[in-house]
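Trainee: compute the structure for the input listed below.
(chains A and B)
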Amino acid sequence: MTRIRSFARIAAAMLIIAALAVPSFAARGSADFTRFVAIGDSYGAGFEAGSLNQTHQPFGWPAIIARQVGLQICAPNASAADNCFAIPFISNPGLPGGELVFNGSTLVTVPGSGSPLMLGFGRPYNNLSVPGYTVGAVQALTGAEATSGLGQVILRGLGTEVDQALLLHPTFIAIWIGGNDFLGAVSAGDPNKLTPAATFAAQYKAMLDKLTAGAPGAGMVLGTLPANFTAAPLTSRLPSVVFDSNFQPVLVGGNPIPLFYLPAGSTTPAAVPAGSIFLLSSLSRYQQGFGIPPNLKAVPPFSLLPHVGEPLTDAEIITPAEQAVFAQRIADYNATILAEASARQIPVADIKGLFDRITQPQVFGGIAVTNTWISGGLFSNDGVHPSDIGYTLFANEFIKAINSGYNTHIPLASVIATFQNNGQFTGFGDNKGYAIVDPEAASAMTSILSSASVPAPAPPRRRTAHH
Amino acid sequence: MWLVTTAALLLLSSAAYGSGFSLFEQGAKATAMGGAFAATADDPSAIFYNVAGIAQQRKMAFMVGGTAINFSNEFRGDPNDPFTSGTSAKYRAHTFVPPNAYFILPIGSNLTFGVGVMTPYGLRTNWQEPWVGRFISRDANVKLLSVEPAVAWQTTDGRLAIGVGAEYRRSHIVLNRNNAAFNPFNGQISDTANAFLNSDWDSTWLWNAGILFKPSDSFRVGVSYRPASHIDYTGDAHFTQIPTNTPLDVLVKAQLPPDQSIATTINFPAVLSAGIATSAIGHGWDLEADVTHTTWSEFESLAVTFGTTSALNFTRPQNWHDTYSYRLGANKKATENWDVRLGAVYDENPQPTEGVGPLLPDSDRIGVSFGVGYHRGPWFIDLTEFVLHFKTRSTQGISSDNFNGTYRTDANLISVNLGYRF
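Mentor: As a prediction, this is how the structure comes out:
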């Protein structure tokens, strides 16, 4: 009886051990970052405030991951043989020009431009992300084409992002691509500029097929796309009715007044349909009066605006019908990403979820950052690209996906790296106290004791002092 | 827009002074016995441990001393927290010396009067800069001092004693933290201001009672009780701008709240201790076991109101729970003049996981103590070494301040008392 029971116990224990030995998610390859490469776009490149420069390139999401897994970022004078994570450093103020900076009232561009510091680097860069690239471009453009943009200094004609990634014999490949397949269409308010879903699916699949064939043992991670594109300040919503300087609707007879615009293909202006998205990128035009209906022309304060009575363009309005197209298309892209990832056992970073979350303030140990333009902290001043803080959160989504897919324990990157006063903070206030009871309290105690009319203790027997 | 956040955040996440801010070390002999002293209470520190115990002391006596407390601690950021990941920190090195002093005066054969000065509560969490948690707390300091006149009476056969006291509790608190804001002029998060809250010395009265019963020559039972109380504090808030050397400074200056009055209340728990002691095993051994129940659930929330800028008012839920501590002590009369003592304590913490933070990272504690007592003629001196280990406490990713990590703390306490019996 006893023997049978202990056998059963041992058998049960072995079953439990066997169950534990089987990971719940068997990701392809392994989390070996010896040769880590990244394929991506401006987010991967660390593009901020309209500029790619050496100040912010280390905050592109691939560079943050590289640091968190213990890789060194190559110095600009590194050689190809050095064991480091190479990013195509561009000197300040950057390319194509300097950053947009806030001067207290408006955004101005830092004058001048930077230049590539590592054009002669003797191997492909580990971070191959090129601003503006789509899922098609990472397989088509080599940097040799006139249309390859910053690819000219990042890809250098050595091959596409995908080809150069394979040239490095990667042990791990991180990919976030697809944002430019819809972002241009969103900011142009034109669904026709979206990459067709079937094209996206074919290109995404082709990219993964080529990479998994070329680097069959490499670990990989992908990321979903932000369905909530109005989370970025530039594409955030303004009211689509006439509003005041506090962004509150102006009511006439108790009712809001719809803006008006010229629908595509029409010659007759029409009221902006209810539920339309009017993008913050058009704020300056609104401030001149565009979109404010003609019947307000004589009504102060609108009468002061020069263009009241002139319609907004179709591109400035995303109607509910257009929103439905965008939403469906991004959902299609994400379905492709998830399906292709699942078919290849590749973990997926929840970037869609991140963009859903950042519409609420993100609080870190007493500090809140938001997606508000300029003052919020999550986005850089161009309103489209994250700030150093935003990229940190972005990279952390990839780290979470890697950790859960590969059962690793890569620590998240901390936003503390973006604090001004780290390590040089000098104290304020009372730091001088060294006891719970301070001198004030001690003297209070003394006075209480002396006033308690306590008989003084008898002096101890005097001893002869020996010297 | 950041203008608003600057002011709003200035005290958004200010917080509590901890639990476990009680101090049970109010006499070196009692501390050597792990604080298991309610049924012994045979030196003047009985005024703290069980006021009835002064009745059995039939000689006028004076005793004064203190406990030197040193902490070693470490905070390690949670690798899954996008703020604290990769960071670590320690307290500034401090030696805390809560003092105590007692005087007792027997009258006739049944009555004893006494007065005690004690520090039954106290807290200091002062972090070394640069400190990643400075936006929650840089320094929290609760100073407290109690004076208690007491009287106890025993039956002529000494089997039963009862005592009462009136505790005058006086306290002062300091809270110091920084504010930060996203700085659009440099794209970084900048420390913009320091908020320094400094209370006056405010006070309250409460009563205290104890009973000591000796059913036989070798058994003793003691019970001590102090009710819950609270202190209403008033004080001042000082706001100091921290320059960022960017145009943000002008905006911060315009937003900086003026120095102003503050008011808050701290609820202190009721404390009930019960102990049983015996000398039945002989060979000069005296053993005691105590249980202490502390109603920390009194510390439900912390609210600070500001005299001028009401937008800064805040209420923080604490939701502490009642705790028990378990104490064992032994005293052996080793020679005519020397006593040797041992003790052990297990002390539960009252703090829910989400509240564990820089102001007070409390944790269950386990401690062992060793002490000696020497007496010669009217003089007696007690010396105690007490090692207190706090269980490693993790916020488990649910910190209410979104400030996750693991706190490790150890404390070393050295208690000394010198006394004289007339």
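
Trainee: which residues touch B:Thr156?
Mentor: Residues in contact with B:Thr156 (Cβ atoms under 8 Å, 6 or more residues apart in numbering or on different chains) are B:109-110. Quick note: C-beta positions are derived from backbone N, CA and C, even for glycine.

Trainee: stretch A:291-308: end-to-end distance?
Mentor: Its start and end residues considered, stretch A:291-308 measures 7 Å (Cα to Cα, to the nearest Å).

Trainee: and the closest residue to chain A within the stretch 151-300 of chain B, helix, strand or coil?
Mentor: When scored by Cβ to the nearest Cβ, the stretch 151-300 of chain B has B:Phe182 as its residue closest to chain A, at 3.3 Å. Here B:Phe182 is strand, with the state taken from DSSP: H, G, I helix; E, B strand; the rest coil.

Trainee: over to A:Leu338?
Mentor: Using three-state DSSP as the criterion, the local structure at A:Leu338 reads helix.

Trainee: ok so, going back, neighbours around the residue of the stretch 151-300 of chain B closest to chain A, how many?
Mentor: As a burial measure, the neighbour count of B:Phe182 was computed by other Cβ atoms under 10 Å in any protein chain shown and equals 27.

Trainee: contacting residues for it?
Mentor: If a contact means Cβ under 8 Å, 6+ apart, then B:Phe182 has A:367, A:369, A:375-377, A:389, B:2, B:5, B:188-190 as its contacts.

Trainee: list just the nearest of those residues to A:Pro306.
Mentor: Nearest to A:Pro306 among these is A:Ser375, at 28.4 Å by Cβ to Cβ.

Trainee: pretty sure the closest one contacts B:Pro184?
Mentor: Yes - the criterion here is Cβ atoms under 8 Å, and A:Ser375 meets it with B:Pro184 at 5.3 Å.

Trainee: who has more neighbours out of the two?
Mentor: Set A:Ser375 next to B:Pro184 and count neighbours by other Cβ under 10 Å: B:Pro184 wins out with 26 against 19.

Trainee: next one, pLDDT for the more buried one please.
Mentor: pLDDT, the model's per-residue confidence, is 89 for B:Pro184.

Trainee: now swap in B:Asn319 and tell me
Mentor: For B:Asn319, the model assigns a pLDDT of 92.

Trainee: give me the number of residues near it?
Mentor: Here the count is done by other Cβ under 10 Å, and B:Asn319 has 16 residues near it.

Trainee: before we move on, what about A:Gly159?
Mentor: By the criterion of other Cβ under 10 Å, A:Gly159 has 18 neighbours.

Trainee: list the contacts for it?
Mentor: Contacts for A:Gly159 (Cβ under 8 Å, 6+ apart) come out as A:124, A:142, A:167.

Trainee: wasn't it part of a strand?
Mentor: No - under three-state DSSP, A:Gly159 falls outside any strand and is assigned coil.

Trainee: distance of it from chain B?
Mentor: 34 Å (Cβ to the nearest Cβ, to the nearest Å).

Trainee: nearest residue to the residue of the stretch 151-300 of chain B closest to chain A in space, ignoring adjacent ones along the chain?
Mentor: Taking Cβ to Cβ, 6 or more residues apart in numbering or on different chains as the measure, B:Phe182 lies nearest to A:Gly377, with 3.3 Å between them; neighbours along the chain are not counted.

Trainee: perfect, I'm done here.
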